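Chemist: My questions are about this predicted structure, shown below with the sequence.
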Amino acid sequence: MVEKPRRMAMLRDGNDGRPNNWTRPRPVLSSTQIGAGISKMTYVTREEFEARVGVLEREVEGEKLVTRHILEQTRRNGDDLAAIKTRLDRVEEKVDSLDRKLDGLDRTVKDLTKSLAGIVGDVVREVWGERDGK
């Protein structure tokens, strides 16, 4: 915490050893947080104020860098997700094609099962007919 600058006592001849064009740095008000919602006004010099502003500017630049990095990563992830989605669509098409083929094979096996008894009966009758005809 910086106290309010004190006025320097002027020498009797009106010159305190500083050049004639020298002016006292004007203090800048600053607010300091004391507690929950309570702030205290203090005086700081221009140099201290500019240093504090510099710190804030660097923090903002750092946050901008982080934001840019996150945005870049999001874009890359979006591109990766689009590629994965395209591949997944192709896999789904192949699975659907295999599903249709399997359905056709299933129908063929069911039809064969239904007609198997008739086929076996026809063959047996034919063999018996040939045997009886000899």
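Modeler: Received, thanks. Residues are numbered from 1 along each chain as shown.

Chemist: Only C-alpha atoms from now on, for both contacts and neighbour counts.
Modeler: Noted.

Chemist: Need the three-state assignment for T42.
Modeler: Look at T42: counting by DSSP: H, G, I helix; E, B strand; the rest coil, its state is strand.

Chemist: where does T45 land on pLDDT?
Modeler: At T45, the model reports a pLDDT of 84.

Chemist: and V44, how many neighbours?
Modeler: Neighbours of V44 under the rule other CA atoms under 10 Å: 20.

Chemist: before we move on, what about the one 5 residues further on?
Modeler: Counted with other CA under 10 Å, the burial measure for F49 works out to 16 neighbours.

Chemist: Show me what the helix or strand containing it packs onto, helices and strands only.
Modeler: Applying DSSP states H and E as the criterion places F49 in helix 46-133. When contacts are defined as 3 or more CA pairs under 8 Å, 6 or more residues apart in numbering; DSSP states H and E, helix 46-133 sits against strand 28-35.

Chemist: Could I get the average pLDDT for stretch 95-110?
Modeler: The model assigns stretch 95-110 a mean pLDDT of 96.

Chemist: and it, how far out from the chain's middle?
Modeler: 42 Å (CA atoms, centre = their mean, to the nearest Å).

Chemist: I am finished for the moment; much appreciated.
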